[in-house]
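Enquirer: pasting the structure only:
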């Protein structure tokens, strides 16, 4: 019985229980070293969990022979499809209490296979959980409840081809199961890029990005996957269809926007025509230090309200700056970057720096030969950014409760919101654990009318009670967001974990319309049950 | 009995039958001069139609006393709410065959008034046609059929206040009935602007823009009203609700995007939080001439695929350039403009000009003191742009068939699409009238992945047969668009006139969802019947 599955895009082995590649996990010594930073954590890391120890039974259903070749009941594959990659998922695996293991995992080769599987599932009361890279951190790919006869995880990653490229219009038709590196490798020979780089880039798919309205790495303008969509193909239990490829259209409500963010509850996105970009030829970046967080917020707001459109405009509070190695002197750090395929960006960087200095920032225009990788704070932050989820899992192994959550709010609300989260979430963590918690904040995306604060919480847990502790902390966090009218999620999606906040936030006319759409498209209620709607 | 109604925003009198202000209509002499340009038109203009000549009966219903103060049965007001302002509408009025006159016109003062009227209408089988500025050119505000007991035109223009301004987030809460100049006048003292300037700016409302997904005057980036929306308040027969004000959110499908473009068929948009901008401080514009249209298309594509983001990038073919006075020598003219509130734009203009010259364009960077108004081609085009709909009505008075239609397509399809429209629509017009037609083209909006061509057709009609002639020509136009997979409308909306094309274009899963949403939100099917759905 294989303990693991190799990644479809590389020869490296993907972890079934934790983030990313198994060979990138911190080892026991590194885990212990991480634990030493958080008082109260375990001296000896929890062992890496084994599939063999899981109570995986025989599947309760099997599809007819015509579909049998599309599914597997391999326990390791099923275990790897049981949950996403939230802290909650990782600690449950470490504690031997994973979510419900699906009965079967299907890997259809095309849209017809998806349609056939939906037909079979609908006739047999089988819940279908669409699954891309499995990087959900909101319980988006996990079955909960027992209203279905069985559970099928519908893994799209065998559908990973760039099918067509239209160089004139800089667009490509791409299958939804392509992981980030897999699709970029196919676009590169054409000099084009989708240029969508979420933190989960290596471990998430185009279809996952579309279904969850993913936010990319860039701070402004071209960063939300929504804006790159020309056309979607969607397979639903009630039929399939593809919208027309259009640069823009005023013909009724956008058909694509109803499926963007539908999280597998209305249909399965099987392919999309996506807008591409040329690779940038001009880059410039630097970092700016501030003594005061609120002054830095004003600087960021001024830059966001200009038309400079920085590719990176990430504000790190003092704790976040220290954690990522961008600064250790208590400064707040603003990482600023510009990119263009058209013209040099030095002028834009200089204007942005002027705005930052006008609000108390200390930073210099880099000299001509000094690019992103030469700026210590910038490059330290970049490496830390990709390494962060692995370190979270290392901390989980020493019994820490460590997780992130993110939101967005208009500028008038941002300062008080961030203060309230720090105070109230810190207090909730202390109350739940008896330990002082770290609550750090960064801004990941900025807009003329607001910003997206991203919070990291880390605190020693009580052995065996980590899930309950996190749920208590998260409930307080969601309550703070709700009181400040900040969205329950800016780019992590709703899944199952954000349902209470989402239900309170969603306006009632839209809730009525969404329920009606669900009834029409998924009459047997088999698609990702519990996501978005009951 | 008043023949007319004064404009709520000015003291000028609005035409009940034609575009805009009554005092701006071409007089008989000007109509005759226009007619001289089109062989076969009438020597003597049709008279301006009079409300007194219309067969306007008593309303078939009256609301209860509690709502009576919200409605009027004044014949002139009812006549002015019978149709939009398409050529089809104008010629029907001129020929004494207007669309169905509504029984009543309501002007509620607030959202509660809207809700009360919807309740009453639902209980009494009264169709409700939401009405903003009435500038629809697609039959969007006209009742057709006879499935309802009576027809109520729901005029929102008494709800025209900017209710709240958040200067930090550069946003305002604005009632949906505010006409363009009315809302801009309220924003100006704050140094802010919505900066949404469709050709109908003076005669259309925020709610109309939102319900039809209006496109502004600008060629790129900040031009679609969709992108300015922070939050919508919608009143439906099934209840009301307001989305949260958020700069961005990944919480499920966008609740606002379902109502943007819903054309009054799902609910009535009563107010919105809108993103605002600072007034631009830096401007530069010029015009570039091309000998060849296809080369000019390549130039425009290069500029659209750069990150230069011109505010204006309007390509006029030789006929359109001559018509607007931008050029009389057979050149194709590209009107290029840049604006910024942040930094000078001369560099961007120079780079765009380089791109245009690389594709055969002839133009110069204007000197520093030479702005938009000093460039003859640019200013000629601007004046003509605002005057155009009045001239159309003048031509209608001499029996011409003259109308526009617009679309959008990806770049790979644009050249063949424009060729096909010129050829096939020209042939259809000749066949229908026996006269050679003018078919001009301009690009109104450009995108990295495509463009929005806008066509003007003008030909002498046959007296009394103008509507049928236009319907024949338009059917051919829609057929060409459909075969080239170009949208049936880029920014004029669907209304009733574009239904056949829209129905063919809309993907089936979205059609199912939209029908279900309609059933849930408008169970008595009173809202703008026939728009988007049967």
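Expert: Ah, there it is. Keep in mind it's a predicted model, so treat the numbers as computed, not measured. Residues are numbered from 1 along each chain as shown, chains lettered A, B, ... in the order given.
Enquirer: Quick check: nearest residue in space to residue A:361, chain neighbours excluded?
Expert: residue A:288 (4.0 Å; C-beta to C-beta, 6 or more residues apart in numbering or on different chains). All C-beta spots, glycine's among them, are computed from the backbone N, C-alpha and C.
Enquirer: dump the residue contacts of that neighbour.
Expert: The contact partners of residue A:288, taken as C-beta atoms under 8 Å, 6 or more residues apart in numbering or on different chains, are A:299, A:333-334, A:336, A:353, A:356-357, A:361-363.
Enquirer: what about it, is that helix, strand or coil?
Expert: Judged by DSSP: H, G, I helix; E, B strand; the rest coil, the three-state class of residue A:288 is strand.
Enquirer: Who is it paired with across the strands?
Expert: residue A:334 (DSSP bridges).
Enquirer: Tell me how far it lies from residue A:384.
Expert: The gap separating residue A:288 from residue A:384 is 18 Å, by C-beta to C-beta, to the nearest Å.
Enquirer: Then residue A:115?
Expert: For residue A:115, the distance to residue A:384 - C-beta to C-beta - is 43 Å.
Enquirer: for residue A:215, same thing?
Expert: On the measure of C-beta to C-beta, residue A:215 and residue A:384 end up 19 Å apart.
Enquirer: So for the two, which residue has more residues nearby?
Expert: Counted by other C-beta atoms under 10 Å in any protein chain shown, residue A:215 and residue A:384 do not tie: residue A:215 has more neighbours, with 26 against 16.
Enquirer: Is it correct that the more buried one is in contact with residue A:447?
Expert: No. At 11.3 Å, residue A:215 and residue A:447 do not qualify as touching, with contact defined as C-beta atoms under 8 Å.
Enquirer: residues shared between the contacts of the two?
Expert: By C-beta under 8 Å, 6+ apart, residue A:215 and residue A:447 have these common neighbours: residue B:248.
Enquirer: Skip the chain neighbours and tell me the closest residue to residue A:319.
Expert: In this structure, residue A:319 finds its nearest non-sequential neighbour in residue A:440, 3.9 Å apart by C-beta to C-beta, 6+ apart.
Enquirer: got the phi/psi numbers for the one you found?
Expert: Dihedral angles of residue A:440 (phi, psi; degrees, to the nearest 10) stand at phi -100, psi 160.
Enquirer: On the three-state scheme, residue A:231 is what?
Expert: Classification of residue A:231 by three-state DSSP places it in strand.
Enquirer: ok, now which ones touch it?
Expert: Residue A:231 neighbours (C-beta under 8 Å, 6+ apart): A:242-246, A:256, A:272-273.
Enquirer: Top of those residues by number of neighbours, please.
Expert: residue A:272 (30 neighbours).
Enquirer: Check for me that it belongs to a helix.
Expert: No. Counting by three-state DSSP, residue A:272 is located in no helix; its state is strand.
Enquirer: thought it was touching residue A:177?
Expert: No. Between residue A:272 and residue A:177 there is no contact under C-beta under 8 Å: 11.3 Å.
Enquirer: what's the helix or strand for residue A:379?
Expert: According to DSSP states H and E, residue A:379 maps onto helix A:376-397.
Enquirer: Show me what that helix is packed against.
Expert: helix A:28-36, helix A:87-94, strand A:282-290, strand A:332-340, strand A:400-406 (3 or more C-beta pairs under 8 Å, 6 or more residues apart in numbering or on different chains; DSSP states H and E).
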